[in-house]
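> Pasting the sequence and the predicted model now:
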Amino acid sequence: GHFAVQVAKAHGAHVTALTSAANHEFVTALGADEVIDYRTTDYTEAATDVDVVFDSSSEGERALHVLKPGGTLVSIMEHWNTELAARIENEGR
């Protein structure tokens, strides 16, 4: 995930990162504009209308709730959820 923060910032993106409070300073130093502590905050309520979600923790299903229409979900998970992929395609994401 920390590489994604750096790549996104290098391309001019506004970056909201999910991390524990212990890593807040580290992720901010990498360039994150906002940091959400996933242990204390439900990110699906804290983030909305997101253009791109980089999923590195099997959050794909929940991440759909923060994507704006036409947004993109990128997952690096080894076992992709084919049912979720079909749903995303049917919704035009």
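Cool, got the structure. Small disclaimer: the values here were computed from a predicted structure and weren't measured. Residues are numbered from 1 along each chain as shown.

> In the protein, where is pLDDT below threshold?
For the chain, the stretches with pLDDT under 70 are 58-60, 78-81, 85, 88, 91-93.

> can you rerun that using 80?
Low-confidence segments of the chain, defined by pLDDT under 80, are located at 57-61, 77-93.

> Strands of that one, start to end?
Secondary structure of the chain, counting by DSSP state E: strands at 16-19, 34-37, 50-55, 67-75.

> Quick check: closest non-adjacent residue to the residue most central in space within the chain.
For the chain, the residue sitting closest to the mean C-alpha position, by C-alpha atoms, centre = their mean, is Val53 at 3.4 Å. Spatial nearest neighbour of Val53, excluding adjacent residues (C-beta to C-beta, 6 or more residues apart in numbering): Ala63 at 4.3 Å. All C-beta atoms are positioned from the backbone trio N, CA, C, and that covers glycine.

> likewise Asp55?
Spatial nearest neighbour of Asp55, excluding adjacent residues (C-beta to C-beta, 6+ apart): Ser75 at 4.2 Å.

> pretty sure that neighbour is touching Ser57, no?
No. Using C-beta atoms under 8 Å, Ser75 is not in contact with Ser57; the gap is 9.5 Å.

> one step back: the residue nearest to the centre of the chain and His65 touch, don't they?
No. The criterion here is C-beta under 8 Å, and Val53 misses it with His65 at 9.8 Å.

> Glu61 and Ala21, how far apart?
Glu61 is 25 Å from Ala21, where distance means C-beta to C-beta, to the nearest Å.
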